[in-house]
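>>> What shape does this take:
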Amino acid sequence: MEEDRMDIDDAPKSKQKFEVKKWTAVAFWSWDIQIENCAICRNHLMEPCIECQPNSIANGNDECIAAWGNCNHAFHLHCIKRWLKTRNACPLDNTEWTYQKFGK
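Below you'll find the model as predicted:
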């Protein structure tokens, strides 16, 4: 008895569809806060404040420190210092301003 067999070709070799020639990894981080913009200058806290922007463009230096109050609101240090010259209260909740921490 003869078996009915279909002639099956060997599986075709898969061709390489693409090749990764270069890999550049990019990462982004941010503060773990609800409001990510400075309420005084409206710039993102990760970006320079309006006082630091001209220097960052000219020198390539984007160091601008953020400051937190005990109320957990964050602002650029330059912005909150300028604000506190006229009023010793948080711009967002009007509580007395005391520094909790500074950082980049």
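>>> How many residues are close by Cys79?
23 (other C-beta atoms under 10 Å). Using the backbone N, CA and C atoms, a C-beta is placed for each residue, glycine as well.
>>> Over to Thr86?
7.
>>> mind listing the strands for the chain?
Along the chain, the segments classed as strands by DSSP state E run 66-69, 74-76, 99-103.
>>> Alpha carbons only: can I get the last one in CSV?
Coordinates of each C-alpha in strand 99-103 appear next as CSV, following Å, rounded to 0.1, in the frame of the first residue of the first chain:
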residue,chain,number,x,y,z
TYR,A,99,11.4,76.3,53.1
GLN,A,100,11.2,72.5,53.3
LYS,A,101,14.0,71.6,50.9
PHE,A,102,16.0,72.7,47.8
GLY,A,103,17.1,70.6,44.9
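>>> where does this structure dip in pLDDT?
By pLDDT under 70, the low-scoring segments of the chain are 1-13, 29-34, 56-62, 104.
>>> what about the helices in it?
Assigned by DSSP state H, the chain shows helices spanning 53-59, 77-84.
>>> chain center to the last one: distance?
Its chain's C-alpha centre and that of helix 77-84 lie 22 Å apart, by C-alpha atoms, centre = their mean, to the nearest Å.
>>> Report all helices and strands that that helix contacts.
If contacts are counted by 3 or more C-beta pairs under 8 Å, 6 or more residues apart in numbering; DSSP states H and E, helix 77-84 sits against strand 66-69.
>>> Counting neighbours, show which residues of stretch 75-88 come out buried.
Neighbour counts over stretch 75-88 (16 or more other C-beta atoms under 10 Å) mark Phe75, His76, Leu77, His78, Cys79, Ile80, Arg82, Trp83 as buried.
>>> what's near enough to touch the second one?
The neighbours of His76, taking C-beta atoms under 8 Å, 6 or more residues apart in numbering as the test, are 38, 40-41, 43, 45, 48-49, 51-52, 64-67.
>>> Now it. Nearest residue, chain neighbours left out?
Spatially, and ignoring its direct neighbours in sequence, His76 is nearest to Cys49 (3.6 Å; C-beta to C-beta, 6 or more residues apart in numbering).
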